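**Student:** Mind looking at a prediction? Sequence and model below.
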Amino acid sequence: MKTMLAALAAATMLMTGMPASADLIVPNLSYRTGPYAPGGIPYADGFNDYFTLLNQRDGGIGGEKVVIRECETAYNTEKGVECYEATKGGGALVYNPLSTGITYQLIPKATADGIPMYTPGYGRTSAANGKVFEWIFNYPSNYWDAASVAIRHLLDQNKGDLKGKKIALVYHNSAYGKEPIRTLTELSKKHGFNLVQVPVDHPGQEQKSQWLQIRREKPDYVVMWGWGVMNAVAIQEAANINYPMENFIGVWWSGSENDVLPAGSGANGYKSLAMHGTGMDYPVYKDIKTHVLDAGKASGAGDQVGSVLYSRGMYAALVISEAIRKAQAITGKSAITAADLRQGFEQLEITEARMAELGLPKFGQPFKASCADHGGPGAALIQQWDASSKKWNLVTDFIAPDDEVLTPLIMEDSAAYAKENNIAARCQ
Amino acid sequence: MLYREAGDFKTSYVADSQTFPIRFDRIRYYLVVAIAFGIVPFLINDYWANAVFVPFLIYAIAAIGLNILTGYCGQVSLGTGGFMAVGAYACYKLMTAMPDVPFVIHVLLAGFVTAGVGVLFGLPSLRIKGFYLAVATLAAQFFLVWLFNKVPWFYNYSASGQITAPERTMLGVAVTGASTPAWAKYLFCLLILFALAWLARNLTRGSVGRRWMAIRDMDIAAEIIGVNPLTAKLSAFAVSSFYIGIAGALFFSVYLGAVEVGEAFGIQKSFLVLFMIIIGGLGSIFGSFAGAAFLVLLPVLLKNILVGQFGWATDLAAHIELMIVGGLIIIFLIVEPHGLNQLWRTAKEKLRLWPFPH
């Protein structure tokens, strides 16, 4: 039996042989299948298309072509590990798995292998502390920022006073959904509101009892940490119980077109956080149309361009490409290694002027990383869904998070991680 | 031919009742063991360890465990995922509470904890059978996952509810944690699998196994000939859960390093292990290996062929892969309902008679 296995194994080894090349290899651990595919497909398309644009328009980055190695994880950690191991050997520069579960899985592995991970707006929040997490970057915003921004927005609406209000947190019952609880608990102490936790189990198609609970509790506001099919179901259920949509705020992973369209006009007024602007009104889309779509090189079906999650995938690719550029500038060579790229990430600065130059003016917040700061400023916008014109509108400017509450939490959590794993703090 | 019995004389009862009575079988077994222990560890790299061998070894342990309960004792169980979770969480609590105790003891203790939980959920088997018992164990599956998600004590109050394996060493070499060398992971799992498979093989050949099989074949007849159904069923639940708990502990600590209970030990895990023993062959140790290999290695192989060789789109390949694996499962069950083990046995019989079939 095992000899048979060995033969099978030898056959596979031949088949996975990696071609050696000097290209910049960026694996894309995407998911285009499974219950989270509606979120995974546009993100992966945006991610791929931006690199295709750079390859087609500029001949790559610094003269080096970017090669994407896509691997299907189906949002499943076992497959994520398989994908990581399959791609890391071929000179992979950076990992961006778009899954909190897989990120937790890969943080120690990538750190041991010396490959940076870039997890914008997801993953482990305390990785913002670069003193402990040398190889992990999650700027410009993370979960705890999001929780704080959502509460700040509610404070703004209530003249700075949330005393005695009841806020329900509807969350995906997993590592991802549990992330904001600690912050919201702290914030509830600080501002005197009442936090009700309503977990929804994977994948979230069945939420009748949760919304019954919300109808009974009558919270003043509902905050949602959902992903995939869970978002659309929650918004539909909220519409069914006539919950006032403007009091319902989702995190940025609960604010794409896929989430609100199924509820039709019922979703009108639903709010969500946004890490970046959205829509097609940015000059970069003209280039994407000419060099990627019209050239027939679009990733996937090419029908996701301009959607919220497409923009996010593109934004992640943009930050990675800027970090590659920075690493090339630091080392003076075009074919950089993963270790060089880590330096690029750590010394990265993206200004508003640079964003405008890249064709995305006023798209994301400017940020500057440092040895200690891998988390960025953490500000976010609030967007609101207009069901009649089927469009997300930004209703606020960037709102800064409450660092007074967040910084101690990040320090505490990263210190616990450092202690568990015997990590000495870098850079003072 | 290969399976020649001519000239293979037995002169003692011990020789006659050994596990592999045919000389060729015996030699093949020693050869496989020698390759597994003596050659593979020197060739293995991270990809082979983490994507192929370690999951295969761990699922083989789980499949043997379920096979003892379902294949040998006839008690259908859909609680495998839940019991694996018990093993993983027990191992995590032990690892963090007693960091100085050798890791292998934690794994064994995790097995014993799961055996206890398994016996508890096995109690209904004394009154109910078949589908009804399957539903009772299904309840165990959902209850256990819910429990580990709900009670923060189990995950040491971590913010995300995930459990993460700290680094633990054996004889100075890391076996858990990110810096574990590929060969150490592989050898650690292989040693445990070897010991457990050897134990299972001998248990099922001895009086304990005969009692299980008597209960499986006809429980009333078994009771009449003096088998105590209480001890037979509960011992099957205990031994089976012990194996599954160890598989869960290794799955969490050695293979993945961090797990989230709903994602890693959900109902789909129970079905996966059940499919393994159905495809491999109920009531056979070899079948557990074959089934685990089939369901762990085939998807990886297909992925490497479709995406790595043919360069297909990843989503198309993932869907085709599901269809191929699903189709093969159906074909297997139609053509050979007794699983891969029966195919192997038939092939062996044919080879023994060749070239003079009757």
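**Tutor:** Structure received.
**Student:** Is whichever residue of the stretch 201-350 of chain B sits closest to chain A part of a helix or strand, or is it coil?
**Tutor:** When scored by CB to the nearest CB, the stretch 201-350 of chain B has B:Asp315 as its residue closest to chain A, at 3.4 Å. Just so you know, the C-beta spots here come from the backbone N, C-alpha and C atoms, and that holds for glycine as well. When classified by DSSP: H, G, I helix; E, B strand; the rest coil, B:Asp315 comes out as helix.
**Student:** and it, how many neighbours?
**Tutor:** 21 (other CB atoms under 10 Å in any protein chain shown).
**Student:** now do A:Lys189
**Tutor:** Neighbours of A:Lys189 (other CB under 10 Å): 11.
**Student:** Name the nearest residue to B:Ser235, sequence neighbours excluded.
**Tutor:** Nearest residue to B:Ser235, sequence neighbours excluded (CB to CB, 6 or more residues apart in numbering or on different chains): B:Val208, at 6.5 Å.
**Student:** How is that neighbour assigned, secondary-structure-wise?
**Tutor:** Applying three-state DSSP: B:Val208 is helix.
**Student:** contacting residues for residue 306?
**Tutor:** No chain in the question, so chain A it is. With contacts defined as CB atoms under 8 Å, 6 or more residues apart in numbering or on different chains, the neighbours of A:Gly306 are A:278-280, A:285.
**Student:** Actually, chain B is the one I wanted.
**Tutor:** B:Leu306 touches B:312, B:316-317, B:320-321, counting by CB under 8 Å, 6+ apart.
**Student:** same question, B:Ile267
**Tutor:** With contact set as CB under 8 Å, 6+ apart, B:Ile267 has these partners: B:78, B:81, B:138, B:141-142.
**Student:** Export these as JSON lines, with columns for secondary structure, neighbour count and distance to A:Leu24.
**Tutor:** As requested, the contacts of B:Ile267 are arranged in JSON lines below (DSSP: H, G, I helix; E, B strand; the rest coil; neighbours: other CB atoms under 10 Å in any protein chain shown; distance: CB to CB, whole Å):
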{"residue": "B:Leu78", "secondary structure": "coil", "neighbour count": "23", "distance to A:Leu24": "47"}
{"residue": "B:Gly81", "secondary structure": "helix", "neighbour count": "28", "distance to A:Leu24": "40"}
{"residue": "B:Leu138", "secondary structure": "helix", "neighbour count": "17", "distance to A:Leu24": "49"}
{"residue": "B:Gln141", "secondary structure": "helix", "neighbour count": "24", "distance to A:Leu24": "45"}
{"residue": "B:Phe142", "secondary structure": "helix", "neighbour count": "16", "distance to A:Leu24": "46"}
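**Student:** From these, pick the one nearest A:Gln105.
**Tutor:** B:Gly81 (18.2 Å; CB to CB).
**Student:** so how far is chain A from that closest one?
**Tutor:** 13 Å (CB to the nearest CB, to the nearest Å).
**Student:** same thing with B:Pro21?
**Tutor:** Where chain A is concerned, B:Pro21 sits at a distance of 18 Å (CB to the nearest CB).
**Student:** Tell me how many other residues surround residue 247.
**Tutor:** Went with chain A since none was named. Neighbour number of A:Asn247 under other CB under 10 Å is 18.
**Student:** wrong one, chain B
**Tutor:** 35.
**Student:** can you pull out the strands in the chain?
**Tutor:** I went with chain A, as the question did not name one. Assigned by DSSP state E, chain A shows strands spanning A:24-30, A:66-72, A:117-118, A:136-137, A:166-172, A:194-200, A:221-225, A:248-250, A:271-274, A:349-350, A:367-368, A:381-386, A:391-394.
**Student:** oops, I was thinking of chain B
**Tutor:** Taking DSSP E to define them, one finds strands in chain B at B:163-164, B:169-170, B:173-174, B:258-259.
**Student:** winner for burial among these?
**Tutor:** strand B:258-259 (a mean of 28; mean count of other CB atoms under 10 Å in any protein chain shown).
**Student:** for that one, packing partners?
**Tutor:** Counting contacts by 3 or more CB pairs under 8 Å, 6 or more residues apart in numbering or on different chains; DSSP states H and E, strand B:258-259 is packed against helix A:100-113, strand B:163-164.
**Student:** That strand: partners in the sheet, and parallel or antiparallel?
**Tutor:** strand B:163-164 (antiparallel) (DSSP bridges).
**Student:** residues touching the residue of the stretch 201-350 of chain B closest to chain A, list them.
**Tutor:** Taking CB under 8 Å, 6+ apart, one finds A:32-33, A:37, A:41, A:72, A:300 in contact with B:Asp315.
**Student:** now the chain, which segments are flagged as low pLDDT?
**Tutor:** With no chain named, the answer covers chain A. Along chain A, the model assigns pLDDT under 70 to residues A:1-22, A:428.
**Student:** Sorry, I should have been clearer: chain B.
**Tutor:** Looking at chain B by pLDDT under 70, you get B:1-2, B:357-358.
**Student:** quick one: buried residues of stretch B:316-324?
**Tutor:** Across stretch B:316-324, burial judged by 16 or more other CB atoms under 10 Å in any protein chain shown covers B:317-318, B:321.
**Student:** How about residues contacting that stretch?
**Tutor:** Residues contacting stretch B:316-324 (CB under 8 Å, 6+ apart): A:32-33, A:72, A:74, B:298-299, B:302-303, B:306-307, B:312.
**Student:** Please point out which parts of the longest helix anywhere in chain B sit buried.
**Tutor:** Using DSSP state H to define each element, chain B has its longest helix at helix B:182-205. Residues of helix B:182-205 classed as buried by neighbour count (16+ other CB under 10 Å): B:182-190, B:192-193, B:196-197, B:200-201, B:203-204.
**Student:** Count the neighbours of the closest residue to B:Ile278 other than its chain neighbours for me.
**Tutor:** Distances taken as CB to CB, 6+ apart place B:Gly339 nearest to B:Ile278, at 6.5 Å, with adjacent residues excluded. Using other CB under 10 Å, B:Gly339 has 27 neighbouring residues.
**Student:** and if you look at the one 3 residues further on?
**Tutor:** B:Gln342 is flanked by 16 other residues according to other CB under 10 Å.
**Student:** can you name the farthest residue from the center of chain B?
**Tutor:** B:Phe356 (37.8 Å; CA atoms, centre = their mean).
**Student:** Next up, the contacts around it.
**Tutor:** Contacts of B:Phe356 (CB under 8 Å, 6+ apart): none.
**Student:** do you know how far it is from A:Ile167?
**Tutor:** According to CB to CB, to the nearest Å, B:Phe356 stands 82 Å off from A:Ile167.
**Student:** How about the contacts made by the closest residue to B:Ile277 other than its chain neighbours?
**Tutor:** Nearest residue to B:Ile277, sequence neighbours excluded (CB to CB, 6+ apart): B:Asn67, at 4.7 Å. Residues near B:Asn67 by CB under 8 Å, 6+ apart: B:277, B:280, B:282-285, B:287-288.
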